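Asker: Sharing a model that was predicted from the sequence below.
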Amino acid sequence: MKTTLKGIVHGRIIELSDSPGVPDGYQVDVTIETDRFSSPTSDEARAALLRSAGAWAKEGRELDEYLEWCRQQRKVDRPEIEP
């Protein structure tokens, strides 16, 4: 039997929106697919971005130089593409 139910994750427990229709203790297989609409709020996303990329905020010129250096390094020993 295959049934699709929605639920909310609380640590290692998934709270289902409806009854699964199987008795307690029954072994089941669970496939997790996240709801694309349950993404973080824009404030949470902005805070996460600042935590991850904010370290470069005051060193924009140095970041640009580093990224350009990385681009140039990728070209080293790269064979030419023949048409």
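Answerer: Now that the structure is in, tell me what you want to look at.
Asker: alpha carbons only for contacts and neighbour counts from here, please
Answerer: Fine.
Asker: Let me know the helix or strand that Val9 is in.
Answerer: Assigned by DSSP states H and E, Val9 belongs to strand 7-10.
Asker: What is that strand packed up against?
Answerer: Secondary-structure packing of strand 7-10 (3 or more Cα pairs under 8 Å, 6 or more residues apart in numbering; DSSP states H and E): strand 13-16.
Asker: Not counting the strand holding Val9 itself, show me its contacts.
Answerer: 14-17 (Cα atoms under 8 Å, 6 or more residues apart in numbering).
Asker: List every C-alpha atom in that strand, with coordinates, as CSV.
Answerer: What follows is strand 7-10, C-alpha atoms only, in CSV (Å, rounded to 0.1, in the frame of the first residue of the first chain):
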residue,chain,number,x,y,z
GLY,A,7,3.7,16.2,8.0
ILE,A,8,5.9,18.4,10.0
VAL,A,9,9.3,17.3,11.3
HIS,A,10,10.1,17.8,15.0
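Asker: quick one, longest helix in the chain?
Answerer: The longest helix of the chain (DSSP state H) is helix 60-75.
Asker: Report the mean confidence score over it.
Answerer: On average, the pLDDT along helix 60-75 is 86.
Asker: before we move on, back to that, of the contacts of strand 7-10, which is the nearest to Arg74?
Answerer: Distance to Arg74 across the contacts of strand 7-10 (Cα to Cα) is lowest for Ile14, with 45.2 Å.
Asker: Using PDB, write down the CA coordinates of the worst-scoring helix or strand of the chain on mean pLDDT.
Answerer: Ranked by mean pLDDT, DSSP states H and E, the weakest helix or strand in the chain is helix 42-53, scoring a mean of 76. Taking C-alpha atoms only, helix 42-53 is exported to PDB below (Å, rounded to 0.1, in the frame of the first residue of the first chain):
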ATOM      1  CA  SER A  42      13.000  36.400   3.500                       C
ATOM      2  CA  ASP A  43      14.400  37.700   6.800                       C
ATOM      3  CA  GLU A  44      15.700  34.300   7.700                       C
ATOM      4  CA  ALA A  45      17.200  33.900   4.200                       C
ATOM      5  CA  ARG A  46      18.900  37.300   4.400                       C
ATOM      6  CA  ALA A  47      20.300  36.500   7.800                       C
ATOM      7  CA  ALA A  48      21.700  33.200   6.500                       C
ATOM      8  CA  LEU A  49      23.200  35.000   3.500                       C
ATOM      9  CA  LEU A  50      24.900  37.600   5.700                       C
ATOM     10  CA  ARG A  51      26.200  34.800   8.000                       C
ATOM     11  CA  SER A  52      27.700  32.900   5.000                       C
ATOM     12  CA  ALA A  53      28.800  35.700   2.700                       C
END
